[in-house]
Every structure is written in structure tokens, then in C-alpha cells.
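Colleague: After the sequence you'll find the predicted model.
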Amino acid sequence: MRTLVILALITLSACREEVSEAPNPVAMTEESLSFFCQMNVSEHAGPKGQIHLDGMPAPLFFAQVRDLVAYLKSPERSADIAAIYVTDMGAAPSWSEIGADNWVAADTASFVVDAGVRGGMGAPEIVPFADSGAAEAFVHRYGGTIVTLDAIPDAAALAPVDLDQPLEDPA
């Protein structure tokens, strides 16, 4: 009987799934290129994003959070995601100088949509904050709505960009 119990425990431990920790965010450098346009991410103002894919040594960087959300909503995306980080704009020194390692896990962030602000690539931006109070202050100044990552409307990331739409460049 004792042998059967030991065998059962060995079998159960062999079946246990390995749970891996999410990778840490990677600091932005001059070599960090935006996934879609292959331009240097740090040359563009506004919030950024990075997605870590299972089995990939480096994250995918995005020059705008809007682009990151478009990637997440893409039906062509096939790789499993290990972690998603976005710029914490509440801790950013300014819209043009966000900080190389100012990241927050996207699943814990508050996002402002429809604020009428321009991101780094000129399109309307989705603005992330680690602190909901900072997001509320941003909405008070620029307008918009606060949502979670999962509640970002498709149109906020996938709608065509109206080049005649007046957008602000936050200070």
C-alpha cells in the first residue's frame, strides 16, 4: 500500500503544470524599435508599450499604446503572451520625456480613451496610468473615459485615423 501511495504522489507531481513567472519589463534604449513601423520608439512622444511573447528573448515595443492594443485585438496574432507593460504616464516627467523604465503591468493599469490627445505616431492615443487618481486628473484636463485593458473599445485602437481631427499634444 505504501508503494502505491508513493507511486501516486510521483505521478501527480509529474503531471503538475509548471507555472512560469512573467518576465520583467525591459528598459527602452536607442535600439528599441516599434513593432509595426520599425522606427526608434524613444524618438516619439507619448506613452509606449511592450509585449513579451512566450519563447521570445526580447519584447515587442510599440511607439503608441494604441498600436499595442491593435496588436492585442488582431486575429492574426498567434503567439502566447507572457506579459504586457505600458508607460505609467502619471509618473512620466512629461509627454515628450516618459522615462526609459517607467512601466506598469497593463492588466493593473487604468486607460484613458477618447481624450483627443495625439500619440507618438500622430494618431489618437490611449493613455495608461498606474494610479486611477492620475487617470482622473488627466480626464479632468483632456476629457475621455477611464477603462481597463480588457474594456478598451475596438474603435479606440482599430478605427481609421482622421488626419483632419484636431488633437492635443499634452504638455
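Modeller: Received the coordinates, thanks. Residues are numbered from 1 along each chain as shown.
Colleague: how about the nearest residue to residue 118, chain neighbours excluded?
Modeller: residue 167 (3.9 Å; C-beta to C-beta, 6 or more residues apart in numbering). No exception for glycine: its C-beta is placed from N, CA and C like everyone else's.
Colleague: That neighbour: neighbour count?
Modeller: Number of residues near residue 167 (other C-beta atoms under 10 Å) recorded here: 17.
Colleague: residues contacting it?
Modeller: 116, 117, 118, 122, 124 (C-beta atoms under 8 Å, 6 or more residues apart in numbering).
Colleague: again with residue 107
Modeller: Here residue 107 is in contact with 84, 148, 149 (criterion: C-beta under 8 Å, 6+ apart).
Colleague: With secondary structure and neighbour count added, can I get those in CSV?
Modeller: Output for the contacts of residue 107, formatted as CSV (DSSP: H, G, I helix; E, B strand; the rest coil; neighbours: other C-beta atoms under 10 Å):
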residue, secondary structure, neighbour count
84, strand, 23
148, coil, 12
149, helix, 20
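Colleague: want to throw the residues you listed into a markdown table with pLDDT?
Modeller: As requested, the contacts of residue 107 are arranged in a markdown table below (pLDDT from 0 to 100):
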| residue | pLDDT |
| --- | --- |
| 84 | 98 |
| 148 | 98 |
| 149 | 98 |
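Colleague: Just name the closest of the residues you listed to residue 61, please.
Modeller: Using C-beta to C-beta, residue 84 is the member of the contacts of residue 107 that lies nearest residue 61, at 11.8 Å.
Colleague: Could you measure from the closest one over to residue 77?
Modeller: Distance of residue 84 to residue 77, given as C-beta to C-beta, to the nearest Å: 12 Å.
Colleague: Just give me the neighbour total for the closest residue to residue 153 other than its chain neighbours.
Modeller: The shortest distance from residue 153 to any non-neighbouring residue, by C-beta to C-beta, 6+ apart, is to residue 113 (6.6 Å). For residue 113, the neighbour count with other C-beta under 10 Å is 22.
Colleague: can I assume residue 113 is in contact with residue 156?
Modeller: Yes - Residue 113 is within contact range of residue 156, at 4.4 Å (criterion: C-beta atoms under 8 Å).
Colleague: okay, and the common contacts of the two?
Modeller: Common neighbours of residue 113 and residue 156 (C-beta under 8 Å, 6+ apart) are residue 126.
Colleague: Helices along the chain, start to end?
Modeller: For the chain, the helices defined by DSSP state H cover 2-15, 65-73, 132-142, 154-158.
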